[in-house]
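Peer 1: structure of the sequence below:
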Amino acid sequence: MTAATGWKYEELAQRAEALQIVLESLPTGIVVADADGRLLFCNPAAEKILGTSVTLDAPDAWTSIYGWYLPDQVTVLPPERLPLTRAIRGEEVIDELVFVRNFERPAGVWIRINGWPLQDPSGLVSGGFVMFNDFTQGREAMQTLVLLSRVVEQTADSVVLTDTQGVIQYVNPAFEATTGYGKEEALGKTPRILKSGLHDAEFYRQLWARITEGQPSKGMIINRKKTGELYWAQQTITPMRDESGQLTNFVSVSQDVTELRRKQEQEFQLQLARDVQRRFYAAPPSIPGFDIGAASHPAYETGGDYFDFISMADGSLAIAVGDVAGHGFGSALIMALTRAYLRSFVSMQLAPDEVLAQVNRVLLHDLEQGQYVTLCIARLDPHLKTLSYASAAHVPGCVIRESGDLKHTLDSSGPPLGLFSESTFFLQPLIRLDPGEMVVLLTDGIAESASQDGNQFGAQRVLDYIRSHSHDSAQQIANGIYQAVRAYVKHDPQDDDITSVVIKVDSST
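Peer 2: A predicted model of the protein is given here:
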């Protein structure tokens, strides 16, 4: 061997030693095997990651490492599918995820692995090697990232990501569904595409100033969809910062609350209507020689039934019981209007039939086609103990003797209010009320309430109830009629308003 040759071998040995030191110092696991599968090299990082010591030169040492699994963590990789085995066969393994579990790693470890064949100068495969890293924490982070991505993609709230200039970089499917703008239409634009025109420039200036200062902004905003439809959004805009604290993005999360606001507004209006309507139900007056009771139970939050007691200048008492076609908020408003008209004309000391004629006249201009009101007005003279009345197609009332016999039926004396301009109403003959007798005025929700088999409560059951409870107070009877009806229908949902007025003549007078 010449000196030059010896120097070259020494140089190669030094390079090999330096290379081995480098490979053994790398945090990446490296394993090298020859064509027969005998391990030629395994650095400390590989043994640490795999959790086991590897015997070099032993055939199949790589395949004997216990527990190589597919990403499902259940299916065992057969020896021929191991990354190093495939590399020895001449196959490249690029960025595969494998799960390894053994006695030293009972919880298992995820490794991201790459492998390549080793080739001699002639191109023949002389072995293979693999390089891998512990990807357990990285996989957990990736799983978290995937989960968060799914949350953002599947949430019902609109999510918009912009840069610090407000240019949209991302929108989720909920944004597309809510606004009507597709992703491609929104990207590169600014949220001004949703501008409704209902907020002034100062509103947007303050919002922008707040978020560019790094402060979150939360509040209600009115936006406009692609179709031009307006909608209310509860919006939170959060400034995002990087590790150095610099603003990088703004994230807007908003929820379409239009329907919620509509319901809240309806609830407010209904509550207001309930409060107003309660004031309509005047407390029964106290009149010597008479016991008067009344009760009204709307089918919905508000109703179209109405009763009223109006004291007149001559000492008589006007009693009104009415029913608007339909139910709910609209019917309550019509009844409020009817009440105002009725009280105005009663104060003019008009007879019941004249009051009906005047109320009909003014309602013709207020009601829409198909709307109408049935109304019975009675006038009680406490001194003469007489009753006069007129009825605009209202359900018949009755006068019952102390014995329980039916004395008078208070039938209709004219058509409903608000339908015909030429309607005529007739004042019925004066009825003298004797001691112990009872006047009962009702709405049709009582007699027409039906049981599950379709049978209605009917007028006869009303009379039977009154007769069997004739010794109760007028208020107890009025309340009891409602309870009897509800018991009859087995407390099924109430589908009509129920109102009753009871006037008892003192039997001692």
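Peer 1: do a quick rundown of the helices in the protein.
Peer 2: 3-25, 44-50, 83-88, 136-154, 173-179, 183-186, 201-212, 258-280, 328-346, 352-363, 444-447, 458-468, 474-488 (DSSP state H).
Peer 1: what mean pLDDT does the second one get?
Peer 2: Confidence over helix 44-50, taken as the mean pLDDT, stands at 85.
Peer 1: residues contacting it, please?
Peer 2: 24, 26-31, 53-54, 65, 100, 102, 105, 109, 111, 132-134 (CB atoms under 8 Å, 6 or more residues apart in numbering). For the C-beta atoms, the positions are set from N, CA and C on the backbone; glycine is no exception.
Peer 1: how about that helix: buried residues?
Peer 2: 45-46, 49-50 (16 or more other CB atoms under 10 Å).
Peer 1: on that earlier part again, export the helices of the chain to a markdown table and tack on distance to Q428?
Peer 2: What follows is those, written out as a markdown table (distance: least, CB to CB, whole Å):
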| stretch | distance to Q428 |
| --- | --- |
| helix 3-25 | 114 |
| helix 44-50 | 103 |
| helix 83-88 | 104 |
| helix 136-154 | 70 |
| helix 173-179 | 62 |
| helix 183-186 | 72 |
| helix 201-212 | 65 |
| helix 258-280 | 25 |
| helix 328-346 | 17 |
| helix 352-363 | 9 |
| helix 444-447 | 19 |
| helix 458-468 | 18 |
| helix 474-488 | 22 |
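Peer 1: can you check which of these gets nearest to G228?
Peer 2: In terms of CB to CB, the element of the helices of the chain nearest to G228 is helix 173-179, at 11.5 Å.
Peer 1: show me what that closest one packs onto, helices and strands only.
Peer 2: Helices and strands touching helix 173-179, by 3 or more CB pairs under 8 Å, 6 or more residues apart in numbering; DSSP states H and E, are strand 158-163, helix 183-186.
Peer 1: how about a cut-off of 7 Å?
Peer 2: Where contact means 3 or more CB pairs under 7 Å, 6 or more residues apart in numbering; DSSP states H and E, helix 173-179 is packed against strand 158-163.
Peer 1: do you know how far I88 is from C42?
Peer 2: From I88 across to C42, the span is 15 Å (CB to CB, to the nearest Å).
Peer 1: show me the contacts for N455.
Peer 2: Residues in contact with N455 (CB atoms under 7 Å, 6 or more residues apart in numbering): none are found.
Peer 1: from Q349, how far out is A313?
Peer 2: Taking CB to CB, one finds A313 at 6 Å from Q349.
Peer 1: which of these two has more neighbours?
Peer 2: Between A313 and Q349, Q349 has the larger neighbour count (other CB atoms under 10 Å), namely 13 against 7.
Peer 1: and the more buried one, what pLDDT?
Peer 2: Taking Q349 on its own, its pLDDT is 92.
Peer 1: next: the one 10 residues further on.
Peer 2: At V359 the predicted local distance difference test score is 95.
Peer 1: and what of Y389?
Peer 2: 97.
Peer 1: same thing with V100?
Peer 2: pLDDT, V100: 87.
Peer 1: if we can go back for a sec, can you pick out the most distant pair from the buried residues of helix 44-50?
Peer 2: Of all the pairs that these form, the one spanning the most space (CB to CB) is A45 and L50, at 9.5 Å.
Peer 1: if I look at D453, how far off is D497?
Peer 2: Counting by CB to CB, the gap from D453 to D497 is 23 Å.
Peer 1: between the two, which has more neighbouring residues?
Peer 2: Counted by other CB under 10 Å, D453 and D497 do not tie: D497 has more neighbours, with 27 against 5.
Peer 1: so the more buried one sits against D444, correct?
Peer 2: No - with contacts counted by CB atoms under 7 Å, D497 stays clear of D444, the gap being 9.0 Å.
Peer 1: tell me the centre residue of this protein?
Peer 2: L260 (7.0 Å; CA atoms, centre = their mean).
Peer 1: what average pLDDT does stretch 331-344 get?
Peer 2: 86.
Peer 1: stretch 372-381 now?
Peer 2: 95.
Peer 1: got the domain ranges for the chain?
Peer 2: 3-140, 155-256, 266-505 (automatic domain parsing).
Peer 1: wait, what's in contact with the closest residue to L367 other than its chain neighbours?
Peer 2: In this structure, L367 finds its nearest non-sequential neighbour in G418, 4.2 Å apart by CB to CB, 6 or more residues apart in numbering. G418 makes contacts with 360, 363-364, 367, 371-373, as judged by CB under 7 Å, 6+ apart.
Peer 1: on that earlier part again, and the buried ones among the contacts of helix 44-50, selectable in PyMOL?
Peer 2: Those of the contacts of helix 44-50 that count as buried under 16+ other CB under 10 Å are selected in PyMOL with:
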select buried, resi 29+30+31+54+65+100+105+109+111+132+133+134
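Peer 1: and the contacts of helix 44-50, which of them are in strands?
Peer 2: Cross-referencing the contacts of helix 44-50 against strands under DSSP state E gives 29-31, 100, 109, 111, 132-134.
Peer 1: just the strands in the stretch 401-509 of the chain please.
Peer 2: 406-410, 431-432, 438-442, 498-505 (DSSP state E, counting those that start in this stretch).
Peer 1: could you tell me the angle between the third one and helix 474-488?
Peer 2: With axes from the mean of the first three to the mean of the last three CA atoms, to 10 degrees applied, the angle from strand 438-442 to helix 474-488 works out at 50 degrees.
Peer 1: so which bits of strand 438-442 are buried?
Peer 2: 438-442.
Peer 1: and for stretch 394-402?
Peer 2: 394-400.
Peer 1: same check, this time on stretch 448-462
Peer 2: 449, 457, 459, 461-462.
Peer 1: what's the most distant pair in those residues?
Peer 2: Pairwise over the buried residues of stretch 448-462, using CB to CB, the maximum falls at S449 and A459, 11.9 Å.
Peer 1: what about the residue nearest to L367, distance to Q428?
Peer 2: G418 is 21 Å from Q428, where distance means CB to CB.
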